[in-house]
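Asker: Please find the sequence and the predicted model below.
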Amino acid sequence: MHPDVERVLLSEKELDDIITRLAAQLDRDYAGEDKKLLLLCILKGSVVFMGELMKKITVPVEIDFMRVSSYGAGTATTGSVNIILDLHRKDLETCDILIVEDIIDSGRTLAYLKQYLELKGAHSVKTCTLLDKPERREVAFEADYVGREIPDEFVVGYGLDYDERLRALPYVGILKPSVYSK
């Protein structure tokens, strides 16, 4: 275990089980020739989760990426969503977009992105998150697919970071408070 991690919250095996379950749900819900599933990865944190998820989905998928930010320096959210890398497609009206996110805290980012993509003309927009912290919700938002609800702890690993560090851990761990309260 990494020295900055207090304890492992989700092991590699638990993460694999969660992703297998989510992929089976998506296969069921997106089966059919009238579906054009577009996995939309929200960079950077979701890249590991989406990479593993798309390997387990058996229905045809396309992938694309957006990069947004709602955080300032460190751990504080700014309360606004900034689109850094936008989605540009001419076929949005035929796409069933599944926004793939690593974690939901306040809910602001996903609520904003869902509405934004609907206004851009997407056929449908749903959301999938690996982790959900409902205690931190600041807006009324619930993801369509949730891997696991977790307590209000600072988590890292499996794509999640603290100041761009610890993303490559193969598990989700709880960061020691001494690391981010310096």
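Answerer: Structure received.

Asker: Only C-alpha atoms from now on, for both contacts and neighbour counts.
Answerer: OK.

Asker: check which helix or strand covers Asp27.
Answerer: Using DSSP states H and E, Asp27 maps to helix 12-29.

Asker: And that helix, how far out from the chain middle?
Answerer: Taking Cα atoms, centre = their mean, to the nearest Å, the mean C-alpha location of helix 12-29 is offset from the chain mean by 14 Å.

Asker: what helices or strands is it leaning on?
Answerer: helix 47-56, strand 145-149 (3 or more Cα pairs under 8 Å, 6 or more residues apart in numbering; DSSP states H and E).

Asker: Tabulate those (CSV), appending distance to Tyr171, mean pLDDT and mean neighbour count.
Answerer: Converted to CSV, the helices and strands packed on helix 12-29 look like this (distance: least, Cα to Cα, whole Å; pLDDT from 0 to 100; neighbours: other Cα atoms under 10 Å):
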stretch, distance to Tyr171, mean pLDDT, mean neighbour count
helix 47-56, 11, 97, 18
strand 145-149, 14, 98, 18
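
Asker: residues near Ile99, how many?
Answerer: Ile99: 26 surrounding residues under other Cα atoms under 10 Å.

Asker: Name the strands paired with the strand of greatest length in the chain and say parallel or antiparallel.
Answerer: Assignment by DSSP state E gives strand 61-71 as the longest strand of the chain. According to DSSP bridges, strand 61-71 forms sheet pairs with strand 37-43 (parallel), strand 77-85 (antiparallel).
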